[in-house]
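Chemist: pasting the structure only:
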């Protein structure tokens, strides 16, 4: 396993839902109107996770079909149990080796996943391969370098003050390309002429305990790190965050992503 990915912990669907799934649904509600997909399209979703974006596609986009894939068997099983619809099929698959024939879909979409794919250029090449001519490609990632995921940014800043080595695990450092310029450059390298724009939500927590609890569940990079801390160090981290954010609510922080869309010529 990649040393930096050792805390990513993509196996606990219910726990990840509490950590990120609810925010995934909110940002999806902003992304889909911006993407403006046609109805009756054949969709491929890469990195379905808990099925938050899948459910939004089915509920808002009137697709003819959706193939939703994820590298995690546990996430696929969780999403399959949560999203019941005859138009969707879930499958465990690698983004760099998509189980779709050439020009087999009308839309390829991915929500908050591309930064976790090891070979992004290979994945983008596969997306282009499976899209029909003039097919629609759309994805989004959190603006980690710009502090765009406020609650994660706050967690890591506090963690680094207690454990300087935690800086190596910060998404800010791991995913420096998650900027407007970085994503534009990545798409250009993949021979994709893309539009890259910001979309935002507010992540609100009723009080500090509601903010802290998802970090204790072990699903995702920051929770994976938190769960592996010795008890005394985890208590120090919690106290540091409580001092910074306050113990009473609500706690309101920005959630900003960079959204990418392109018409692919094939």
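Modeler: Received the coordinates, thanks. It should be emphasised that the depicted structure is a prediction, and the values quoted were computed from it without experimental measurement.

Chemist: in contact with residue 178, which residues?
Modeler: 115, 141, 142, 143, 144, 145, 171, 258 (CB atoms under 8 Å, 6 or more residues apart in numbering). Placement of C-beta: from N, CA and C, glycine included.

Chemist: am I right that the fifth one is in a strand?
Modeler: No. Assessed with DSSP: H, G, I helix; E, B strand; the rest coil, residue 144 is coil; it does not lie in a strand.

Chemist: from now on call the first residue 26
Modeler: New numbering, starting at 26: the last item is residue 169.

Chemist: how about it: what's its closest non-neighbour residue?
Modeler: Nearest residue to residue 169, sequence neighbours excluded (CB to CB, 6 or more residues apart in numbering): residue 196, at 4.0 Å.

Chemist: sorry, back to before: out of the contacts of residue 203, which two sit at the greatest distance?
Modeler: Between any two of the contacts of residue 203, the greatest separation by CB to CB is 13.1 Å, found for 196 and 283.

Chemist: more neighbours, these two?
Modeler: residue 283 (25 against 20; other CB atoms under 10 Å).

Chemist: count of neighbours near the residue lying closest to residue 55 once chain neighbours are set aside?
Modeler: Excluding the flanking residues, the one nearest residue 55 by CB to CB, 6+ apart is residue 224, at 4.5 Å. The tally of other residues near residue 224 (other CB under 10 Å) stands at 19.

Chemist: kindly report the same for residue 47.
Modeler: Neighbourhood size, residue 47 [other CB under 10 Å]: 13.

Chemist: residues contacting residue 74?
Modeler: 38, 41, 45, 46, 49, 95, 97, 100, 104, 136, 137, 138 are the contacts of residue 74 under CB under 8 Å, 6+ apart.
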